[in-house]
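K.L.:
the following block contains a protein sequence and its predicted model.
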Amino acid sequence: MQRYDESLRVDYDRLATWITQAVGGAGAIFAGAHYYVGVSPDAPPLVEGFLKGLELRPGYFVKRELRVRRSGHCPACDVEYEYTTEKRVDTRLVAEMIHYAAIGAFDAAVLVSGDDDFVPAVEAVNALGRQVWVATWSADDLSKDLRVRCFGQIHLSDGIAAFRVERPRPFERAPTRMAPSRLARPPFQPATGVALEHALQELQRAETRLPHVSRGYFVMRWKSHQLPPVGAEREALVQQLIAAGLAEEFEVKDAEGRNVTAIRTREPNGNVREPDGNIAMPG
């Protein structure tokens, strides 16, 4: 939602109603919304306020999993660093979706995620005789494998008029010092040559797999151990690739006809860089 419109605020009750009716028509019954999230022990109060605001709504269930602290080693600068990562969030979503399908708790489920990691879960629910729909903000966020296995697709942007709210609710109001957007571009910070080369290789790998690589997708969703964590660090690296002339931005229309800011690799001489033929693809 933030990549689509970072100023958008949503009434979640109206969102649930709109999604329910988009799938089952005016007479469809809303059976529940399950929100799966990884939360750090030191998460700011604003995060917990948002989650409590969700689960106080009738039919909303928030499933929290503690984020796990990990450590890593940077081979370029020989420095140890720590980060947190989600643990068991997707697994719990999959397990509960199949469980609720098996006991007949729903006729149709709507998966608000375009990640192809959920393909096996969708296939399992299909085998149990239940429908799974997929809801995303943009075609860039939707795996083709997931789309073809789902009963139908919902474009959340079609319902903005029905569930937009002009003012944030009290639990959504930010403190005086507002946190930057996840995609706010950080100040320029030089990266090592090794980090730039890894970023360039990953961008080329993305180019071989996608019709175009949207900047937001590469920064927030592209999975790679070669890159920094999603968010500000990765955005800074993309910014430096562009500043160094190794990549460039361009505008392209997605499958739904919307303008998307995409990125592609370039040679130092300014020509479009062809992907290497020996890039290893994941099994």
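P.N.:
Cool, got the structure. Numbers count the residues shown, from 1 in each chain.
K.L.:
and Glu48, how far from Glu86?
P.N.:
Here the criterion is Cβ to Cβ, to the nearest Å. By it, Glu48 lies 17 Å from Glu86. For the C-beta atoms, the positions are set from N, CA and C on the backbone; glycine is no exception.
K.L.:
between these two, which has more neighbouring residues?
P.N.:
A direct count of neighbours by other Cβ atoms under 10 Å for Glu48 and Glu86 places Glu86 higher, at 16 against 13.
K.L.:
show the pLDDT at Asn271.
P.N.:
You'll see Asn271 listed with a pLDDT of 54.
K.L.:
tell me the secondary structure at Phe50.
P.N.:
Classification of Phe50 using DSSP: H, G, I helix; E, B strand; the rest coil returns helix.
K.L.:
right, I mislabeled it, should have said His73
P.N.:
Under the three-state scheme (three-state DSSP), His73 adopts strand.
K.L.:
what bridges to it?
P.N.:
On the basis of DSSP bridges, His73 is bridged to Glu80.
K.L.:
list the contacts for it?
P.N.:
By Cβ atoms under 8 Å, 6 or more residues apart in numbering, the contact set of His73 is 79-81.
K.L.:
Val238 touches Ile263, doesn't it?
P.N.:
Yes. The pair Val238 / Ile263 is scored as a contact, 6.6 Å apart, by Cβ atoms under 8 Å.
K.L.:
the nearest residue in space to Asp140 that is not next to it in sequence and Glu6: what is the separation?
P.N.:
The shortest distance from Asp140 to any non-neighbouring residue, by Cβ to Cβ, 6 or more residues apart in numbering, is to Ser214 (4.7 Å). Look at Ser214 and Glu6: by Cβ to Cβ, they are 15 Å apart.
K.L.:
show me where this structure has its strands.
P.N.:
All strands of the chain, identified by DSSP state E, fall at 33-39, 60-66, 68-74, 79-85, 108-111, 131-136, 152-155, 213-214, 247-253, 259-265.
K.L.:
any buried residues in the second one, and which?
P.N.:
The one in question is strand 60-66. 60, 62, 64-65 (16 or more other Cβ atoms under 10 Å).
K.L.:
quick one: which of the residues you listed is nearest to Ala161?
P.N.:
The closest of the buried residues of strand 60-66 to Ala161 turns out to be Tyr60 (Cβ to Cβ; 22.1 Å).
K.L.:
the closest one touches Ala31, doesn't it?
P.N.:
No. With contact defined as Cβ under 8 Å, Tyr60 does not reach Ala31; the gap is 11.6 Å.
K.L.:
what about Gly159, neighbour count?
P.N.:
Gly159: 19 neighbours (other Cβ under 10 Å).
K.L.:
okay, the closest residue in space to it that isn't next to it in sequence: pLDDT?
P.N.:
In space, and not counting its chain neighbours, Gly159 is closest to Trp18: 4.3 Å by Cβ to Cβ, 6+ apart. Each residue has a pLDDT score; the one for Trp18 is 94.
K.L.:
try Arg169
P.N.:
pLDDT, read off for Arg169, is 49.
K.L.:
could you do the one 4 residues further on as well?
P.N.:
At Arg173, the predicted lDDT confidence score is 46.
K.L.:
show me what the residue nearest to Asp140 is bridged to.
P.N.:
Bridge pairing for Ser214 (DSSP bridges) gives the partners Ala262.
K.L.:
relative to Glu55, which of the contacts of His73 is nearest.
P.N.:
The closest of the contacts of His73 to Glu55 turns out to be Tyr81 (Cβ to Cβ; 33.5 Å).
K.L.:
can you list the domains in the chain?
P.N.:
12-172, 193-265 (automatic domain parsing).
K.L.:
and those domains, which one averages the lowest pLDDT?
P.N.:
For the domains of the chain, mean pLDDT drops lowest on domain 193-265, to a mean of 83.
K.L.:
from the middle of its chain, how far away would that one be?
P.N.:
In terms of Cα atoms, centre = their mean, to the nearest Å, the centre of domain 193-265 is set 15 Å apart from its chain centre.
K.L.:
about what we covered before: check contacts around the residue nearest to Gly159.
P.N.:
159, 162-163.
K.L.:
kindly reformat these as JSON lines containing distance to Gly245.
P.N.:
Below are the contacts of Trp18 laid out as JSON lines (distance: Cβ to Cβ, whole Å):
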{"residue": "Gly159", "distance to Gly245": "41"}
{"residue": "Ala162", "distance to Gly245": "45"}
{"residue": "Phe163", "distance to Gly245": "43"}
